[in-house]
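>>> coords below, sequence missing:
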């Protein structure tokens, strides 16, 4: 509608600043975005559907020139505005936005651009991981994908939140873990998952491998040997 301000935010902004190919677009507005998503889908000549009625989230089913799916999601702000929405996100590098009225200015209240430049994974708030423990897996995936370091004190927060993974859906856990395995260094991702006690709740039998000693000529525990196999 006239005067409606629309913001591009999240991973698309991060990837744009990194000069990476953008595959997914996330837009946010201050009201139910279903009508906007419907208009965009009609203009593009594609379909759309509502992802979540309660959270007012809709997806436009767009495919690029190569036929690859590139979803365009539309959401309503979490909280009372854009700044509250960004503060409720997972990591600072995912908490930046552009207004479609001014694509020259990055909206970056949590200094995510600085963390992006120095290569740091930092949470948006002390409770960000407990709000959604699957974010622990996402943090590992991002750190491995971009070769970023974890901010000081983040390890403690990751371990604390990993214990609450059973409160989340198995499907979301699976999807994030598989994305770690599909990344550039799955062995490093698995090592970080062990470091943050993810496997204690995600795949408990894996932790049993740590107690299996090496047999000659091997010198590593079975878990570390498994990581080497994954690396190779």
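Cool, the structure landed. Remember, it's a predicted structure, so these values are computed and weren't measured experimentally.
>>> Just the buried residues of the lowest-mean-pLDDT helix or strand in the chain, please?
The weakest-scoring helix or strand in the chain, judged by mean pLDDT, DSSP states H and E, is strand 48-52 (a mean of 83). Across strand 48-52, burial judged by 16 or more other Cβ atoms under 10 Å covers 48, 50. Any C-beta I mention is one placed from the backbone N, CA and C, and that applies to glycine too.
>>> Follow the chain on from it and name the next helix or strand.
strand 57-60 (DSSP states H and E).
>>> same for that next one, what does it pack against?
Other elements packing on strand 57-60 under the criterion 3 or more Cβ pairs under 8 Å, 6 or more residues apart in numbering; DSSP states H and E are helix 34-44, strand 48-52, strand 72-76.
>>> Can you list the strands that the last one pairs with?
Taking DSSP bridges as the criterion, strand 72-76 pairs within the sheet with strand 25-29 (parallel), strand 57-60 (antiparallel).
>>> rewinding a little: what's the angle from the least confident helix or strand of the chain to strand 72-76?
50 degrees (axes from the mean of the first three to the mean of the last three Cα atoms, to 10 degrees).
>>> which residues of this structure fall in helices?
Ranges of helices in the chain, per DSSP state H, are 11-18, 34-44, 82-87, 112-118, 128-131, 134-146, 154-162, 170-181, 186-195, 199-202, 204-208, 222-231.
>>> distance of the residue most central in space within the chain from residue 165?
The residue lying closest to the centre of the chain (Cα atoms, centre = their mean) is residue 138, at 4.6 Å. From residue 138 across to residue 165, the span is 12 Å (Cβ to Cβ, to the nearest Å).
>>> Can you give the distance of the least confident helix or strand of the chain from its chain's centre?
Relative to its chain's centre, strand 48-52 lies at 20 Å (Cα atoms, centre = their mean, to the nearest Å).
>>> could you give the angle of it to helix 34-44?
Between the axes of strand 48-52 and helix 34-44, defined by the same axes, to 10 degrees, the angle is 150 degrees.
>>> Please name the residues that touch the nearest residue to residue 50 once chain neighbours are set aside.
Leaving out its chain neighbours, the residue that sits closest to residue 50 by Cβ to Cβ, 6 or more residues apart in numbering is residue 58, at 5.1 Å. Residues near residue 58 by Cβ atoms under 8 Å, 6 or more residues apart in numbering: 33-34, 36-38, 48-51, 73-75.
>>> ok, of these, which one's closest to residue 107?
Distance to residue 107 across the contacts of residue 58 (Cβ to Cβ) is lowest for residue 75, with 15.8 Å.
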